[in-house]
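pasting the sequence and the predicted coordinates here, then a few questions.
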Amino acid sequence: MRKIRRLGLSLVLAVLMLVGLAVPALAGNPTVSITVTAQVISISNSEANWPIGIVTVGQERYFAADVGVEDKDYSTITNTGSVAVSIALQGTDIEGGSWDWAISATGVAASETYALNATAGNGTGDYSTIVKKTPFNNLTTGLAVDATWGWSMLFKAPTAFNADDDGASKTSTLTLVASKT
């Protein structure tokens, strides 16, 4: 019986020692909660196409629902990312048919050169932002997450077409470039 008591007492002491050592060991291990957010630069635009149609020499067209009717906030850019962004514009030459048109670097149309200008201020600005190949021109800066920016463009046809132009359809691309503010 004495042996059983000793064995029992030894087991109880062993268990107490294990529990006694385990509790302070757990209490001495703090944790750190980690939170992270990915920096996502992303925008969307409400309009994906601009079918200008047939133009004559020197004709101007607005980027709007109604042809020829100015609407300074016709299209809407939305910041769908996770940080504030700046928006810049880049254009390309118009290509197609037998003769291409260059994009103006000054915002003024010329012979076989078209101009593309954008509104500078969320539906209230003039068309002072020049769309060109390089360098890109800023449309807006500091567009907050989930915020929107209304804008539009003004197309100015070349002041003269090449006599060899076949009048075929031509295309160009405007790229909205977002960067972290």
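Looks like it arrived, so ask away.

show me how far stretch 91-109 is from its chain's centre.
24 Å (C-alpha atoms, centre = their mean, to the nearest Å).

which residues touch it?
By C-beta atoms under 8 Å, 6 or more residues apart in numbering, the list of residues contacting stretch 91-109 from outside reads 58, 110, 112-117, 128, 130-133, 156-159, 161-162, 164-175. Any C-beta I mention is one placed from the backbone N, CA and C, and that applies to glycine too.

can you check the pLDDT for residue 9?
As predicted, residue 9 sits at a pLDDT of 55.

okay, helices next: where are they in this protein?
Secondary structure of the chain (DSSP state H): helices at 2-27.

show me the shaky parts of it.
Counting by pLDDT under 70, the ranges of the chain that qualify are 1-27.

nearest residue to the middle of it?
Centroid check for the chain by C-alpha atoms, centre = their mean gives residue 43 as the closest residue, at 3.1 Å.

if the residue nearest to it when sequence neighbours are not counted is in a bridge, with which residues?
Distance criterion C-beta to C-beta, 6 or more residues apart in numbering; nearest residue to residue 43, sequence neighbours excluded, is residue 178 at 4.6 Å. Beta-bridge partners for residue 178, by DSSP bridges, are residue 87.

tell me how many other residues crowd the nearest residue to residue 50 once chain neighbours are set aside.
Leaving aside its sequence neighbours, residue 50 sits nearest to residue 63 (C-beta to C-beta, 6+ apart; 5.5 Å). As a burial measure, residue 63 scores 21 neighbours (other C-beta atoms under 10 Å).

which ones are touching residue 63?
By C-beta under 8 Å, 6+ apart, the contact list for residue 63 reads 47, 50, 71, 74-75, 152-155.

ditto for residue 58
So residue 58 contacts 109, 156-159 (C-beta under 8 Å, 6+ apart).

quick one: buried ones out of those residues?
109, 156-158 (16 or more other C-beta atoms under 10 Å).

for the residues you listed, which two are the farthest from each other?
Based on C-beta to C-beta, the longest span within the buried ones among the contacts of residue 58 runs between 156 and 158 and measures 8.2 Å.
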